[in-house]
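[1] how would this look folded up:
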Amino acid sequence: MMARYEFSEESDREESPSAALPPDSSSDIDRPNGGDDKDMRMWTMLGRLGAPLGRILAPLIVWLIKKSQYPLVDRQEKKSLNFKIAVMIAVFCCIPLAFVFIGVVLLPAVMVANLVLVIMVAVKTSNGAPCEYPMTIRFTK
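    From the prediction side, this is the model:
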């Protein structure tokens, strides 16, 4: 037998601690206007995982198309663009260093770190968790 409990709306509001708190405006996961959360996360993940194909173009295209519709895409694709620009600068610095054999070691390390971080952040974003790329220079605001 299942016990049946009935609560009035007033008692639910009084007992619920989240009802008294204002919505967290600093949250990285915003509800889109008229769309669903799954679609928003899919667009963000496409911008992240499309980067190996078009390095900066994939996050830029997703950001330009969906930034006004989804606040999460706006913020996350800016972070992705910043990271991709920082990686490209690191790669361009490694090329001349390859002549003194330092770049021969650094270039594969940068590329492996890029791949691992992109996959980690894409998985976190697809699960709805806020995420940041480490050691990223902010080029876009």
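
[2] just checking, Glu132 touches Lys79?
    Yes. With contact defined as Cβ atoms under 8 Å, Glu132 counts as touching Lys79 (6.6 Å). Yep, even glycine has a C-beta here, placed from its N, CA and C like the rest.

[3] in the chain, which segments are predicted with low confidence?
    1-36, 51-54 (pLDDT under 70).

[4] Let me see the ranges of the strands in it.
    Read by DSSP state E, the chain holds no strands at all.

[5] In it, where's the longest helix?
    Criterion DSSP state H: the longest helix present in the chain is helix 71-97.

[6] how far away is Phe113 from Met120?
    Careful, residue 113 is Ala and not Phe. 10 Å (Cβ to Cβ, to the nearest Å).

[7] Likewise for Asp74?
    In terms of Cβ to Cβ, Asp74 sits 21 Å off from Met120.

[8] Could you export stretch 41-60 as PDB, CA atoms only?
    Extracted in PDB, the C-alpha atoms of stretch 41-60 (Å, rounded to 0.1, in the frame of the first residue of the first chain):
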ATOM      1  CA  ARG A  41      23.400  21.700 -25.900                       C
ATOM      2  CA  MET A  42      23.500  20.000 -29.300                       C
ATOM      3  CA  TRP A  43      24.400  23.200 -31.000                       C
ATOM      4  CA  THR A  44      27.100  24.000 -28.400                       C
ATOM      5  CA  MET A  45      28.600  20.500 -28.800                       C
ATOM      6  CA  LEU A  46      28.600  20.800 -32.600                       C
ATOM      7  CA  GLY A  47      30.500  24.000 -32.300                       C
ATOM      8  CA  ARG A  48      33.100  22.300 -30.100                       C
ATOM      9  CA  LEU A  49      33.400  19.000 -32.000                       C
ATOM     10  CA  GLY A  50      33.300  20.700 -35.400                       C
ATOM     11  CA  ALA A  51      36.500  22.600 -34.600                       C
ATOM     12  CA  PRO A  52      38.900  19.900 -35.900                       C
ATOM     13  CA  LEU A  53      37.300  20.200 -39.300                       C
ATOM     14  CA  GLY A  54      37.300  24.000 -39.400                       C
ATOM     15  CA  ARG A  55      39.500  25.000 -36.500                       C
ATOM     16  CA  ILE A  56      38.000  28.400 -35.900                       C
ATOM     17  CA  LEU A  57      35.200  28.300 -38.600                       C
ATOM     18  CA  ALA A  58      32.900  25.700 -36.900                       C
ATOM     19  CA  PRO A  59      32.600  27.600 -33.500                       C
ATOM     20  CA  LEU A  60      32.400  30.900 -35.300                       C
END
